[in-house]
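J.: Okay, here's the prediction I keep looking at, along with the sequence it came from:
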Amino acid sequence: MDINIKVGGEAGFGIMASGLLLIRTFSRGGLRAITTNDYPSLIRGGHNVILVRVADHEIFATDNHVDLLIALNRETVDLHKDEVSKGAAILFDGESFQVQPGDFTKPVNLFPVPLMKLAKEHGGDVLMRNTVALGATLALVDFDIKYLESVVKDQFGRKGDEVVQKNNQLAQSGFDYIKKNFPQGFNKKFTVSAAQTKKQMVLTCSEALGLGAIAAGMKFFAAYPMTPINGLLYYLAGVAEKTGFVYKQPEDEIAAINMAIGASFAGVRSMVATSGGGFSLMVEGTSLAGMLEQPVVIIFGQRPGPATGLPTWTTQSDLHFVLNAGQGEFPRLVLAPGDVEEAFDLTAEAFNLAEKYQTPTFVLVDKYLCESYFSVDLATLAEKKVSIERGKLVSEAEQIKEVEFPRYQLTDDGISPRPIPGRKGGVFRANSDEHDKWGYSIEDGPLTKKMIEKRMKKMAMVEQEVPAPTLFGVKDAQHTLVGWGSTKGPVLEVMRQLTEQGQGELVNYLHLNWINPFPSIHVRELLSDAKHIIDIEGNHNSQMIDWIQVKTGIKITDRINKYDGRPFFPSEIIEAIKKYS
Amino acid sequence: MSTIADFKTAFMPNWCPGCGDFGIWGALKNALLEKGWGPADFCTVYGIGCHGHMVNFLKSYAIETLHGRPIAVAQGIRLANHKLPVIIVAGDGDTFGEGTNHLVHIARRNVQATMIVHDNQVYGLTTGQTAPTAQKGFKTKSTPAGVLEEAINPVAIALAAGATFVARGFAGDIPGLAKLIVQGFNHPGFAFIDVLQPCVTFNHVNTYQWYREHIYPLDSSHDVTSRAKAFEKALEWGPKVPTGVFYKIEKPTYEAQTPQLNEVPLVEQDLPPKNLQTLMEKFV
Ligand SMILES: Cc1ncc(C[n+]2csc(CCOP(=O)(O)OP(=O)(O)O)c2C)c(N)n1
Ligand code: SF4
Ligand SMILES: [Mg+2]
């Protein structure tokens, strides 16, 4: 059983907050939930929507149909009436605006609740009518209100008992109103079984990226605000002091990456985060990190471009940009997590790769991952053992044996032992000009060639540690979907639904999350065995098709693309696959 | 005790004979000796230009960054290791062309560093185009009809941005410049030193001779704690040009205001932190 709940209303009226309370409530009660949001790049006056999909089984994505519409204004009905499914419940304030069954293309059940009136009766304001609506929603699906109460307590506790109590009264008033006036409720209901009450976290991939960085021992983080990495920024800024790292908001992204390089040079694990526009300003710094052989982790949250594009929407259109960013030839490592767990794991991994290979390392995500909330078992992250591998960072004892330390020593694997400044000997320099092993500037041809070879050797080394990608589903499916990053959730959801319908043989999914280095051998093998390959990407040009061809020689021709700023929805993927069947 | 020889590298400077960079290089070494620092006691952060070549002629912990970016890199170093003194060696192109934004912000943050700007009014390394500090009317290959803009005033900008130590030196006065640099080292905060540096190859107006005729030292009657007085002096450019310390006050540094940095530098702290589980529980 699963329900898609959509909450819609004017921007600035707590729509996002309501969605968050809902996902927390359901998760605390043992259900699985995912929320995605749509909002314009405005603070007030636009239309905000949050979609909460909740289920008593594993789910991987939200979908674009609505089973329960919470319309906080009439516009929500007008804009989303075609999305509601047959028999959907429409919850709205019947005293503020009119809604008729005829407004919808399919038969629906209307649940008018005097939200404003109930809010006022209990001393609340217009924002608090959302809380009334949440209580009413829980009554409709027969979900125990105590979970909402406990979430409210955690959320508002620091504002005092009075605020907590008031919110709970408001929720209760909505709950009671439904129970009294619509005792039959909605035809979809949840029960919470004891078996489902494992502790669950509710978090975005931004927060998972942040936790991954903290687990990896990040000590310096610089980021200039930009959607969609603000969630990561707020999270890390909020925990910096108590955790013991520095977050610095710099004057621009140029400063961000150069500060991070400085911090890395001084010996700490450092990270930046930005989106395409900000990364455009970091391109030269990326190349600097490549030349200085300075580890730095770059979180890249994609949003549609060119230029300012659609600031608050999603895309996967910067793959080629990242793979080629920065003048000159040097290893650019790129990982692309597809969900919360991967966001955590691959961020921690990025720090290890960056330090082991002394080169800039990207974690490529997007607005969908950064701003959607997912429920995940606490144990999934809490029981992880993150290994910290600092590569050839030398100890103080080793370093001070030398008066002058050969920072760019030529070695078999291209990786030089890395000293840090501030120790009592073994001075060295990092140099953005081409340099000799001591870091002194050079211009001679043969040594230049050696130095370029040294840096590129590291690429050959890191290629040896690429794990095999995961092929989800049955081995010899009729179609093999190939995707990367955030496509994972919607495609796994498609497969779950197909399996449920007894069509599990139709599709399997090759998920790519190590982009560079690339698992060339495995991918060539897996794709050679595939019956029919379809590339699926949230961009116009199917950028991964080019990369797969470069890396394996295999040219994929069939493709599914989406580039309207919205994430993939499972139903549209199924439709697209069926065109090939 | 360190000696001049400790800073020697295998390379001799490749600056044009007579270049003011020699004077700055000499003054910096004298200042280091006076301060008692050896090559492992500080880190030099260079920009790109003739000045930046010093990375090859002064042995120390060092990083040569990109054109315009030494200030940003220096701040990252300071935040990672606030026990490590940082010296920024930059050009006027670095500081007022490509990287002005960074100067303004390091000044208002008061991150501790000593910044030495090689102010030669030209882009030396790229063969003599105009720099933002060039005087109006100055003719170069990139401004054959003369510069149309007003010159940037480094001292006034540093003051306006909130630098807590602002000085101007002259590359032709090595002992005087060394003294200023030592004061910069001793200043607990951001110390900005604009150094008038003759470029003998591309600047035939602001020569050693010209400076000797125009500069005069600020004397003890100048109140270095008055920002207004400092501005007044900063605006003098002809007939006479003041040198010395314009402004010096003490304010908490960025580092001192960052609680995470108070005890041990970040680079010496354990990783990962102990509160990871607690942080995760917060999401339940
Ligand atoms: C991003 C970038 N733009 C341009 C250059 C070319 N460039 C190198 S040095 C320089 C100017 C140097 O002038 P300045 O900073 O005054 O140093 P000087 O040579 O005068 O000491 C320029 C434009 C560069 N290296 N990087
Ligand atoms: S070009 Fe000018 S600044 Fe550069 S070395 Fe020659 S004299 Fe010095
Ligand atoms: Mg210059």
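T.: Okay, I see it. Ligands and ions are numbered 1, 2, ... in the order given.

J.: So which elements touch the one helix or strand B:E232 maps to?
T.: For B:E232, the element it lies in under DSSP states H and E is helix B:227-234. If contacts are counted by 3 or more Cβ pairs under 8 Å, 6 or more residues apart in numbering or on different chains; DSSP states H and E, helix B:227-234 sits against helix B:154-161, strand B:241-248. All C-beta atoms are positioned from the backbone trio N, CA, C, and that covers glycine.

J.: doesn't B:V55 fall inside a helix?
T.: Yes - applying DSSP: H, G, I helix; E, B strand; the rest coil, one finds B:V55 inside a helix.

J.: and A:A11, what pLDDT?
T.: Model confidence at A:A11, given as pLDDT, is 84.

J.: Kindly give the local confidence score, pLDDT, for A:T197.
T.: Per-residue pLDDT puts A:T197 at 69.

J.: ah, wrong one, I meant A:G473
T.: According to the prediction, A:G473 has pLDDT 98.

J.: ok, now the one 3 residues further on?
T.: The confidence metric pLDDT takes the value 94 at A:D476.

J.: Would you mind listing the residues in contact with the residue nearest to it when sequence neighbours are not counted?
T.: The spatial neighbour of A:D476 that comes closest, neighbours along the chain excluded (Cβ to Cβ, 6 or more residues apart in numbering or on different chains), is A:K531 at 6.6 Å. With contacts defined as Cβ atoms under 8 Å, 6 or more residues apart in numbering or on different chains, the neighbours of A:K531 are A:476-480.

J.: Can you classify the one residue in the stretch 301-450 of chain A that gets nearest to ligand 3 by secondary structure?
T.: Ligand 3 sits closest to A:D433 of the stretch 301-450 of chain A, with a gap of 17.2 Å, by Cβ to the ion. Judged by three-state DSSP, the three-state class of A:D433 is coil.

J.: the domain parsing of chain A - what is it?
T.: Here the domain parsing of chain A from automatic domain parsing is A:2-198, A:203-378, A:392-465, A:470-578.

J.: and the ones you listed, which is most packed in?
T.: Comparing the domains of chain A by mean neighbour count (mean count of other Cβ atoms under 10 Å in any protein chain shown), domain A:203-378 ranks first with a mean of 24.

J.: got the end-to-end distance for that domain?
T.: For domain A:203-378, the first and last residues are 11 Å from each other (Cα to Cα, to the nearest Å).

J.: Please compute how far it lies from its chain's middle.
T.: With Cα atoms, centre = their mean, to the nearest Å as the basis, domain A:203-378 stands 12 Å off its chain's centre.

J.: With adjacent residues omitted, what lies nearest to the closest residue to ligand 3 within the stretch 151-284 of chain B?
T.: Closest residue of the stretch 151-284 of chain B to ligand 3, Cβ to the ion: B:C199 (6.9 Å). Nearest residue to B:C199 in three dimensions, chain neighbours excluded: B:N120, at 3.8 Å (Cβ to Cβ, 6+ apart).

J.: what residues are up against the one you found?
T.: With contact taken as Cβ under 8 Å, 6+ apart, B:N120 is in contact with B:20, B:50, B:91-92, B:131, B:197-199, B:202-203, B:206.

J.: Which of the residues in stretch B:273-284 are classified as buried?
T.: B:273, B:276, B:279-280, B:283-284 (16 or more other Cβ atoms under 10 Å in any protein chain shown).

J.: mind checking how far it is from the chain centre?
T.: Remark: stretch B:273-284 is offset 43 Å from the chain centroid, using Cα atoms, centre = their mean.

J.: what do you get for stretch B:86-105?
T.: Distance, centroid of stretch B:86-105 to centroid of chain: 8 Å (Cα atoms, centre = their mean).

J.: can you check stretch A:160-172 too?
T.: 32 Å.

J.: And the contacts of it?
T.: By Cβ under 8 Å, 6+ apart, stretch A:160-172 touches A:118-119, A:122-124, A:128, A:131-132, A:134-135, A:138, A:145, A:148-149, A:152-153, A:156-157.

J.: one more time with 7 Å, if that's ok
T.: A:119, A:122-124, A:128, A:131-132, A:134-135, A:145, A:148-149, A:152-153, A:156-157 (Cβ atoms under 7 Å, 6 or more residues apart in numbering or on different chains).

J.: Among these, which one sits closest to ligand 1?
T.: A:F156 (50.5 Å; Cβ to the nearest ligand atom).

J.: Is the helix or strand hosting the closest one positioned near chain B?
T.: In the assignment (DSSP H and E), A:F156 maps to helix A:146-156. No - Helix A:146-156 is not in contact with chain B by Cβ under 7 Å from any Cβ of the partner chain; minimum separation 9.1 Å.

J.: and stretch A:523-535, how far out from the chain's middle?
T.: 27 Å.

J.: If you could redo that for stretch A:482-492, that was the one I meant.
T.: In terms of Cα atoms, centre = their mean, the centre of stretch A:482-492 is set 12 Å apart from its chain centre.

J.: Alpha carbons of it, as PDB, please.
T.: Extracted in PDB, the C-alpha atoms of stretch A:482-492 (Å, rounded to 0.1, in the frame of the first residue of the first chain):
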ATOM      1  CA  VAL A 482      21.800   2.400 -18.200                       C
ATOM      2  CA  GLY A 483      21.800   5.400 -15.900                       C
ATOM      3  CA  TRP A 484      23.900   7.300 -13.400                       C
ATOM      4  CA  GLY A 485      23.400   9.400 -10.300                       C
ATOM      5  CA  SER A 486      19.800  10.300  -9.400                       C
ATOM      6  CA  THR A 487      18.200   8.200 -12.100                       C
ATOM      7  CA  LYS A 488      18.700   5.300  -9.800                       C
ATOM      8  CA  GLY A 489      15.600   5.900  -7.600                       C
ATOM      9  CA  PRO A 490      13.000   6.300 -10.300                       C
ATOM     10  CA  VAL A 491      14.400   3.300 -12.300                       C
ATOM     11  CA  LEU A 492      14.400   1.000  -9.200                       C
END
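
J.: residues contacting B:K29?
T.: B:4, B:7.

J.: Which ones among the contacts of B:N120 map onto helices?
T.: Of those, the ones assigned to helices by DSSP state H are B:20, B:92.

J.: which of the contacts of B:N120 lies closest to ligand 1?
T.: Minimum distance to ligand 1 across the contacts of B:N120 is 2.2 Å, recorded for B:G91 (Cβ to the nearest ligand atom).

J.: Could you check how many residues crowd around the nearest residue to the closest one once chain neighbours are set aside?
T.: Leaving aside its chain neighbours, B:G91 sits nearest to B:G49 (3.6 Å; criterion: Cβ to Cβ, 6+ apart). Counted with other Cβ atoms under 10 Å in any protein chain shown, residues neighbouring B:G49 total 25.

J.: got a list of what B:G49 touches?
T.: B:91, B:93-94, B:123-125.

J.: Name the residues of chain B found near ligand 2, please.
T.: Within chain B, the residues that sit near ligand 2 (Cβ under 6 Å from any ligand atom) are B:15-16, B:19, B:21, B:50, B:120, B:124, B:199-202.
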